[in-house]
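**Student:** Sequence first, then the predicted structure:
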Amino acid sequence: MKSDLDHKPDISYESPGKFEDTRFEKIHNVIFKNAAEASIIVAKEIADLIKSKQQKKENCVLGLATGSSPIMVYYELVRMHKKEGLSFRNVITFNLDEYYPMRVDNNKSYHYFMHQHLFDHIDIKEENINIPNGTVSIEDIKQYCIDYEIKIKNSGGIDFQLLGIGRTGHVGFNEPGSHINSGTRIITLDHITRVDASSDFNGTDNVPKRAITMGISTILQSKRIVLIAWGQNKADIIKRTIQENISAEVPATFLQNHTNTTFVLDQSAASELTRFKTPWLVGDCIWTQELKSKAIVWLCQKTDQAILKLTDRDYNNNGMSDLLAQEGSAYDLNINMFNVLQRTITGWPGGKPNTDDTYRPERASPSKKRVILFSPHPDDDVISMGGTFSKLIKQGHDVHVVYQTSGNIAVTDDEALKFAEVANDFVGVDAAEINFSSVIEFLNNKTENQVDSIEVRKLKALIRRRESFGATRCIGLQDKNIHFLDMPFYETGDIKKKPISDEDIAIVAAIIAKIKPHQVFAAGDLADPHGTHEVCLNAIFAAMKQLKSQSYMDNCWLWLYRGAWHEWELHEIDMAVPLSPDEVLLKRNAILHHQSQKDRVMYQGNDSREFWVRAEDRNKHTAILYDALGLPEYEAIEAFKRFDY
């Protein structure tokens, strides 16, 4: 199979039958290795259109989206304005939607978002900015929406419409059930949409129930449409949109009718497309070891059979006859795959001393390793690898936990107020390092959009810090091996964070240089609702790249764990660490030390379960999957993937 990733894709539209090698896909799409690379290409197409219109002395009318997906596109447009002289003087913009009711000065509004990420940094004329007004009276909404449509038409129509996509398949806020002929209107938000937005509003109950949105018909009248989607959370809805029939239940499928639409995806968002998930069903494959592992695990799960029970007929009937011909027989394929998976299992995550490690996931020497366990938030360590964490300590390794951020925004005001009142009663105002009476007054009078004061942030960070000490002591780690980086990018007091800086990277590099680890464990789960994990991981990658010339890095291996949202696929796992029932209980108890995160998880994404429940369910599910393949049966398994940095 030819991969889009073998070259830099061209995102210009091509008609169906010319753009892909499979009968499954109904919308032109291109896949990039990551969102950053894709965003630059999308921004370049927008910039080229703006400049083309300038040469013709014409206005360029852009339809713009909000949410996390287009932020990097806007960042690149701002960069081109400041560094390359790209002017927006001829640009007229129309935003897709806005919450209702919503004041323009509310930092959760899309008006605020667009000015924060784009408009305040470019030379666009204020009168050319059009964003639905969330303060229009309900009596005037209908006429306001009609006028919005008229204004788009009077501007010449939208030349380029940038879209994101929600998990319900909404574009704009056109939720399931939206009609293909719908225009700009007020709508009621789907519950899933409100859950997905809950982390921005500190809870689902605070998310507005309604919104003003451009309609499907309005969007489809755009001359050019580019829909962008990043991350694993979008993979299912992207597959439904691109491969299933048009349906109002998935409004984005109406884009199949548009004559100039391209979906721009990263690998994670494209991962459920047939040509990526099961390419052997599409055409001939180059059978790498990774692809063989993926295919055979899939075949076991499809036929509900253990590896060693697969037959020649199973392979032939499921698109793998060429693999069978290449390898000779099902027997040979099955034995080889069984051995590959069996060798991932180890009770010695730091390596088993004085043994032949040829087929073990970790080295036998040095027998006592220096280990850094990076944790983006103050609880990811025990949530994601609490059992492995405990084994490493019990097996005598020099384990250090490094908490990359303070985690203060995940502490509720009520929780902070409780601690402040207790501290104030106990120590008295004059003796306290923090003026607790001031904290209490701030929290009791905090307004809707107010960012936490420095003192409140410090208190919330201390709550997370002390919970971390409790959890790591439960695991068996000494306090001296706990490190708090408080990376600057995180310390905004708000949900939105600053971009990663050289200072952030230098802080991470310094702790690595100090410990000189043989093993580094880091969070490879990029599905957290606000991207903190991704920023923290990128800081680790950058720091390790900087230090690569140091001799101690020659013997340093990087292992990635996944957090509370997704687990590695079986074919991706390089090390599977089994947990006993007692180790599962120990892990649960460690997680429960994070009391501020219990019962009311603030940033849980689309999963309402508490973190300890998610962790146990995920680890037990992984063990069940191994057992179903005919491998040993365990209570639970924590999974890791080795990364070559």
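**Tutor:** In hand now; what should we look at?
**Student:** Name every strand pairing with the longest strand along the chain and say which way it goes.
**Tutor:** Secondary structure assigned by DSSP state E gives strand 636-643 as the longest strand of the chain. Here strand 636-643 has these sheet partners by DSSP bridges: strand 557-561 (antiparallel), strand 575-579 (antiparallel).
**Student:** Name the next helix or strand downstream of the last one, please.
**Tutor:** What it means is strand 575-579. Counting by DSSP states H and E, the next helix or strand C-terminal to strand 575-579 is helix 581-592.
**Student:** Please enumerate residues in contact with the longest strand of the chain?
**Tutor:** Applying Cβ atoms under 8 Å, 6 or more residues apart in numbering, the external contacts of strand 636-643 come out as 345, 349, 361, 384-385, 387-388, 521, 524, 557-562, 567-568, 572-579, 583-584, 616, 619-620, 622-623, 626. (C-beta placed from N, C-alpha, C; glycine too.)
**Student:** which regions of the protein sit below the pLDDT cut-off?
**Tutor:** Counting by pLDDT under 70, the chain has low-confidence residues at 1-10, 13-22, 422, 424-433, 526-530, 599-608.
**Student:** Can you give the distance from stretch 459-473 to the centre of its chain?
**Tutor:** Counting by Cα atoms, centre = their mean, to the nearest Å, stretch 459-473 is centred 25 Å from the centre of its parent chain.
**Student:** okay, it in CSV with CA atoms only?
**Tutor:** These are the backbone C-alpha positions of stretch 459-473, laid out as CSV (Å, rounded to 0.1, in the frame of the first residue of the first chain):
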residue,chain,number,x,y,z
LEU,A,459,-2.7,26.7,47.7
LYS,A,460,-4.3,24.4,45.0
ALA,A,461,-0.8,23.3,43.9
LEU,A,462,0.1,22.5,47.5
ILE,A,463,-3.1,20.4,47.8
ARG,A,464,-2.0,18.4,44.7
ARG,A,465,1.6,18.2,46.0
ARG,A,466,0.7,16.8,49.4
GLU,A,467,-1.7,14.2,47.8
SER,A,468,1.3,13.1,45.6
PHE,A,469,3.4,12.5,48.7
GLY,A,470,0.6,10.4,50.2
ALA,A,471,0.3,8.3,47.0
THR,A,472,4.0,7.8,46.5
ARG,A,473,4.5,6.8,50.1
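**Student:** Can you list the buried residues in it?
**Tutor:** Buried residues in stretch 459-473, counted by 16 or more other Cβ atoms under 10 Å: Leu459, Lys460, Ala461, Leu462, Ile463, Arg464, Arg465, Glu467, Ser468, Ala471, Thr472.
**Student:** Now render those residues as JSON lines, adding distance to Ile150 and secondary structure.
**Tutor:** Below are the buried residues of stretch 459-473 laid out as JSON lines (distance: Cβ to Cβ, whole Å; DSSP: H, G, I helix; E, B strand; the rest coil):
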{"residue": "Leu459", "distance to Ile150": "52", "secondary structure": "helix"}
{"residue": "Lys460", "distance to Ile150": "48", "secondary structure": "helix"}
{"residue": "Ala461", "distance to Ile150": "51", "secondary structure": "helix"}
{"residue": "Leu462", "distance to Ile150": "55", "secondary structure": "helix"}
{"residue": "Ile463", "distance to Ile150": "53", "secondary structure": "helix"}
{"residue": "Arg464", "distance to Ile150": "52", "secondary structure": "helix"}
{"residue": "Arg465", "distance to Ile150": "56", "secondary structure": "helix"}
{"residue": "Glu467", "distance to Ile150": "56", "secondary structure": "helix"}
{"residue": "Ser468", "distance to Ile150": "57", "secondary structure": "helix"}
{"residue": "Ala471", "distance to Ile150": "59", "secondary structure": "helix"}
{"residue": "Thr472", "distance to Ile150": "62", "secondary structure": "helix"}
